[in-house]
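Peer 1: Pasting a predicted model and its sequence here:
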Amino acid sequence: MSRLFRSPHSFCLLLLALAIAALSSACSGDASNPPVPVVGDTAAKNPNSSFTGPHAELIGGLWEDGDEWVRAALEDEVVSESEWQEAQDRLVACAASQGIKVFGFGPMGGHYVDWGDWEDAPYETKDPILQECTVTSGYFALEIALNATVRLPGGESEAAAMAECLVRSGVAPEGFSESDYLAELDLTQGVGLAMANQDSRVLQCLDHPTTAFRQ
């Protein structure tokens, strides 16, 4: 049994922001998150879309890569409580069909995994099985959409919002910028400023980048 990375939704969302700029990404490590899909020109790929909200490009990209169920869930650009619950149920059912138990979901993502008979299998053997379920169930798409709309409601840049929050929290000095944050992530191979020590202020910023540490 293993606990997933704390706040994997926040960290993968940052990687998604980087992917949009770099046109490639991956979200790997001890978490059941598949490679982040590339979000392209939404208007060109989905000309019939009426997505106009602050996350139109991101939602449009997830819609384009999704199946019928994902597209129906994302059509209004909002992930409802019932849709989020159904995504979890679909992931649980898919994983169970492979002998893997997924349980204990967090409100914004993350969960526990009991690998069952796969427990002693190499990680590179068993993880792709769960990753495939994460994608085919629609869970991954809805997790990304949910976190984007809740954590960055105005469509703010993830890196810019994080840089500002880290300054407010006192973790980073005045003048610490979006580019500084991206450079810090690159230097630490995706671990992030002070993440190695699980600084609680950084975790608060990851969970609430636009509102944490505001008086």
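Peer 2: Looks like it arrived, so ask away.
Peer 1: what element comes up after the worst-scoring helix or strand of the chain on mean pLDDT heading to the C-terminus?
Peer 2: None of the helices or strands of the chain scores lower by mean pLDDT, DSSP states H and E than helix 42-45, at a mean of 40. Toward the C-terminal end, the helix or strand that comes next after helix 42-45 (DSSP states H and E) is helix 56-65.
Peer 1: what about the next helix or strand after that next one, distance to the chain center?
Peer 2: Counting by DSSP H and E, the next helix or strand C-terminal to helix 56-65 is helix 68-74. Taking C-alpha atoms, centre = their mean, to the nearest Å, one finds helix 68-74 lying 18 Å from the centre of the chain it belongs to.
Peer 1: who does helix 68-74 touch, helix- and strand-wise?
Peer 2: Other helices and strands packing on helix 68-74, by 3 or more C-beta pairs under 8 Å, 6 or more residues apart in numbering; DSSP states H and E, are helix 56-65, helix 81-96, helix 139-151. Where C-beta positions appear, they are placed from N, C-alpha and C, glycine not excepted.
Peer 1: And the contacts of that helix?
Peer 2: Helix 68-74 is contacted from outside by 59, 62-63, 66, 79-80, 83, 86-87, 90, 138, 141-142, 145, using C-beta atoms under 8 Å, 6 or more residues apart in numbering.
Peer 1: rerun at 10 Å
Peer 2: 46, 49, 51, 58-60, 62-66, 79-80, 82-84, 86-87, 90, 135-142, 145 (C-beta atoms under 10 Å, 6 or more residues apart in numbering).
Peer 1: What residues sit buried inside it?
Peer 2: 69, 70, 71, 73, 74 (16 or more other C-beta atoms under 10 Å).
Peer 1: tell me the phi and psi of residue 135?
Peer 2: Residue 135 adopts backbone torsions of phi -80, psi -50, taken as degrees, to the nearest 10.
Peer 1: Show me how this structure divides into domains.
Peer 2: Per automatic domain parsing, the structural domains of the chain span 2-151, 158-207.
Peer 1: end-to-end on the shortest one?
Peer 2: It stands for domain 158-207. From its first residue to its last, domain 158-207 covers 11 Å (C-alpha to C-alpha, to the nearest Å).
Peer 1: distance between that domain and the chain's centre?
Peer 2: The answer for domain 158-207 is 17 Å, by C-alpha atoms, centre = their mean.
Peer 1: Average the pLDDT values over it and round to the nearest integer.
Peer 2: Domain 158-207 shows a mean pLDDT of 79.
Peer 1: Tell me how many other residues crowd the residue nearest to residue 75 when sequence neighbours are not counted.
Peer 2: Nearest residue to residue 75 in three dimensions, chain neighbours excluded: residue 63, at 7.6 Å (C-beta to C-beta, 6 or more residues apart in numbering). By other C-beta atoms under 10 Å, 23 other residues sit near residue 63.
Peer 1: Quick check: residue 63 touching residue 141?
Peer 2: Yes. In this structure, residue 63 is within contact of residue 141 by C-beta atoms under 10 Å, at 8.3 Å.
Peer 1: For residue 58, give me the pLDDT.
Peer 2: pLDDT, residue 58: 88.
Peer 1: Quick check: it touching residue 157?
Peer 2: No. Under the criterion of C-beta under 10 Å, residue 58 is not in contact with residue 157, lying 11.8 Å apart.
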